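Q: okay, predicted coordinates and the sequence, questions at the end:
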Amino acid sequence: MISNSCIKIVKQELERTGFIEVINIKLGEAEVQFDSQVINLEVINTILKREGFELVKDNASKLVERIKSCIIQHIFFGNNANSIIRNSDYLSESLGHPYLHLSKVFSEKTGMTLEKYIILIKIEKIKELIMYDEITLSEIAYNLGYSSIQYLSNQFKQITGYTVSEYKGLNKHERKPLTSLPN
């Protein structure tokens, strides 16, 4: 779950069964109570999969989901915190693990480096801010922790295949759902 809408959908779908009580729910996590004589984890997983989510069971996968949620929270809802605190420091402090451990687990489970994932999330945020056209590219670069507009522009072109100007000029802005990353 990566947004308030995701939280709402998961809660609604689980409670719709009439057999599952959602005790606590937040980005990437849900604590539920249910009678195992009536419903099981396989049924819960089926409900989640129907909505594009998945039940995460092993500790490494749980940590990866927490990492993803933390990164999205930091970049999309961090109110420019990305310009102040390094991603590695933010993740370590938020998740209570050294960055090297987080990076290793993330790479092993996803086949992608944590740094690459952070870049992909930043690119999606840049696309969103370009579409809104409310702040300058310089402000976008600063807010997302880029050292320069040139660095942001080069990274944007490398990932999307478009310059920032070309992307602005597109009739249809190509954005990826955050849940589809790192694909």
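A: Yep, that arrived.

Q: can you pull out the strands in the chain?
A: Here the chain has its strands, by DSSP state E, at 20-26, 29-34.

Q: from residue 45, how far off is the residue sitting nearest the centre point of the chain?
A: When Cα atoms, centre = their mean is applied to the chain, the residue found nearest the centroid is residue 72 (3.8 Å). Using Cβ to Cβ, to the nearest Å, residue 72 is found at 22 Å from residue 45. (C-beta placed from N, C-alpha, C; glycine too.)

Q: likewise residue 79?
A: 35 Å.

Q: do the same with residue 156
A: Distance of residue 156 to residue 45, computed by Cβ to Cβ: 37 Å.

Q: looking at those two, which one has more neighbours?
A: Comparing residue 156 with residue 45 by other Cβ atoms under 10 Å, the one with more neighbours is residue 156, at 24 against 15.

Q: looking at that one now. What's its pLDDT?
A: Note on residue 156: pLDDT of 97.

Q: so residue 23 touches residue 32, yeah?
A: Yes. Contact criterion Cβ atoms under 8 Å: residue 23 and residue 32 qualify, at 6.3 Å.

Q: quick one: which of the two has more around it?
A: Using other Cβ under 10 Å as the criterion, residue 23 and residue 32 rank with residue 32 on top: 16 against 9.

Q: so what's the more buried one bridging to?
A: residue 22 (DSSP bridges).
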